[in-house]
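Undergrad: quick check, what structure comes out for this input:
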Amino acid sequence: MDFPSARFKDDAESSTGLLFIRVYNKWHSIITQELRKLGITHPQFVVLTTLNYLSQSDDNVTQVSIAKLADMDVMSTSQIIRGLEKNDFIKRTANPDDSRANSVILLPKGLDMVKTALPVVEKIDDEFFGILQEHESIFRNYLNRLD
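TA: Predicted coordinates for the structure are as follows:
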């Protein structure tokens, strides 16, 4: 059976998309394993660290602002926030600036998790992407161009 695009039939390594997803999956697997040891998922980590970052300059962080910065779906972000709230990492309160939105507040337990998990993830990033050495800034530049 011939595939409509047999361009990579004999050499899957020349498929940029396939190579990218394989590398991403390897990196993501390492992150997921280490965060599981801490009791959180990768999406929860992303929401917590995004909330922590936004909270440094905004007292009324919303689910939408978290989703936007993290480039996540708003409904998925809402579900993650609900789970984080059940575990006392965050709290939702009425937003004084917008009656249709809630403010999301990082609780001490959530801040402690950020302080614990962020160095773990940064260490993984340093080790994983360390192979790039002096080319890492070029790699980030290309990723930014694709974003």
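Undergrad: what about residue 57, which SS state?
TA: coil (DSSP: H, G, I helix; E, B strand; the rest coil).
Undergrad: how near is it to residue 65?
TA: Per Cβ to Cβ, to the nearest Å, residue 57 is found 11 Å from residue 65. C-betas here are computed from N, CA, C, even on glycine.
Undergrad: okay, the two: which has more neighbours?
TA: Shown here are residue 57 and residue 65; by other Cβ atoms under 10 Å, residue 65 has more neighbours (18 against 7).
Undergrad: which parts of the protein are strands?
TA: 90-94, 102-106 (DSSP state E).
Undergrad: and for residue 125, the neighbour number?
TA: Number of residues near residue 125 (other Cβ under 10 Å) recorded here: 14.
Undergrad: what pLDDT is listed against it?
TA: We note a pLDDT of 95 for residue 125 in this prediction.
Undergrad: tell me the spacing between it and residue 26.
TA: Counting by Cβ to Cβ, the gap between residue 125 and residue 26 amounts to 13 Å.
Undergrad: ranking the strands of the chain by burial, who's on top?
TA: Per-stretch averages of neighbours, counted by mean count of other Cβ atoms under 10 Å, single out strand 102-106 among those, with a mean of 21.
Undergrad: now do that strand: which elements does it pack against?
TA: When contacts are defined as 3 or more Cβ pairs under 8 Å, 6 or more residues apart in numbering; DSSP states H and E, strand 102-106 sits against helix 42-55, helix 63-70, strand 90-94.
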